[in-house]
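Peer 1: Need the 3D shape of this:
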Amino acid sequence: MAVVPDDGRTAMEVLQLRYDQPANYMNVAVLACLVYDILLTLPREVSLIWMSRWTIHKILYFCNRYVPVVFFATLLIVNTDANISDHVIVESILVHRTWVVCGRGRRTLACLLSLFAVNLACNFSGTADQVTKLVLVPQPERLSRLGCDARYTLSYTRMWLVYLGWASSITVNICYLAILIRKTVNGIQLSDLPWYKVRGRFLPLSCLLVRDSVVYFLLVFVMSFAVVVLQSIFKMHNPALNAVNATVMPAVYSMTMCRAVLHLREAGTGISDGGVRLGQLPTLGDYAGLDLALEK
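Peer 2: Below is the predicted model:
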């Protein structure tokens, strides 16, 4: 049913609703993708995650896996604009795993927490700037909608804060990845073999973690870079475009990190080699000790 606007205010409200349509379609697509991915991995998740003992990492995994699903389902029911990100949960998992690989040292923990705090501070500054510019849009008289419809005054949003948040996230993730690669390469060098000939023969779980971390980083980099470029072109004036960052990115965080954790659990229990040669386990205690620490 078409709505014929009778004044400028109604025309503006109808325009806002037209902007909401792509965002709602995106929410439906992301929710379907998340549910489908959960169904695909549910048998492995039950045996490897649900049946294991309760740890901080297990709690973070459940939050990363199911909080986005609950949020997007609620978002579709309420039909209101909101934003939640898996960013903090995923960063916590990365910090924990990187710290374990590096031997749980205090200096390493202090370094990782400092990077974590810097990343949160940079992203929080952009969020705070946008929240201070929220304006309430009155409900259309002839169109019933649930919830409170609040929007940003996008023309006044500082783009440099968007760039700062993106740059800090990428830089911190590069640091995490560099720490993992450095620790793994140092262990490989003890075997007197070139790194390109190892192929997971030594430190198989560490090599698997590095491989999955590289895939995760590339996915996050490509998606976030595309969003930043589009936001720069349109100067954040298109609410439908901004909805991509609030819907697609949490799904990318959730699916990639959960797949990486499941790969590690499968490799650690011997269910699957995850693409590395688990049949040739390391013989030195340093190798075995580090790999076993990953699953504690």
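Peer 1: hey, where'd the helices end up in the chain?
Peer 2: For the chain, the helices defined by DSSP state H cover 8-45, 56-78, 87-101, 106-131, 159-189, 204-234, 239-269, 285-293.
Peer 1: Let me have those in TSV, adding mean pLDDT and mean neighbour count as columns.
Peer 2: Every residue, glycine included, has its C-beta placed from N, CA and C. As requested, the helices of the chain are exported to TSV (pLDDT from 0 to 100; neighbours: other C-beta atoms under 10 Å):
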stretch	mean pLDDT	mean neighbour count
helix 8-45	73	15
helix 56-78	80	16
helix 87-101	73	20
helix 106-131	77	15
helix 159-189	78	17
helix 204-234	78	18
helix 239-269	74	20
helix 285-293	42	15
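Peer 1: so how far is Leu42 from Leu94?
Peer 2: The spacing between Leu94 and Leu42, counted by C-beta to C-beta, to the nearest Å, is 24 Å.
Peer 1: Also Thr108?
Peer 2: Taking C-beta to C-beta, one finds Thr108 at 34 Å from Leu42.
Peer 1: Check Leu264 too.
Peer 2: According to C-beta to C-beta, Leu264 and Leu42 sit 18 Å apart.
Peer 1: got it, and Ala110?
Peer 2: According to C-beta to C-beta, Ala110 and Leu42 sit 38 Å apart.
Peer 1: Ser168 now?
Peer 2: In this view, Ser168 and Leu42 are 35 Å apart by C-beta to C-beta.
Peer 1: ok, now Asn123?
Peer 2: Going from Asn123 to Leu42 by C-beta to C-beta gives 32 Å.
Peer 1: before we move on, what about Ile233?
Peer 2: Taking C-beta to C-beta as the measure, Ile233 and Leu42 are separated by 40 Å.
Peer 1: Pretty sure Glu266 sits against Leu48.
Peer 2: Yes - using C-beta atoms under 8 Å, Glu266 is in contact with Leu48, at 6.6 Å.
Peer 1: Report the contact partners of Thr108.
Peer 2: Listed by C-beta atoms under 8 Å, 6 or more residues apart in numbering, the contact set of Thr108 reads Thr98, Trp99, Cys102, Ile179.
Peer 1: Export the residues you listed as JSON lines, with columns for distance to Pro68.
Peer 2: Shown next, in JSON lines, are these (distance: C-beta to C-beta, whole Å):
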{"residue": "Thr98", "distance to Pro68": "23"}
{"residue": "Trp99", "distance to Pro68": "25"}
{"residue": "Cys102", "distance to Pro68": "29"}
{"residue": "Ile179", "distance to Pro68": "27"}
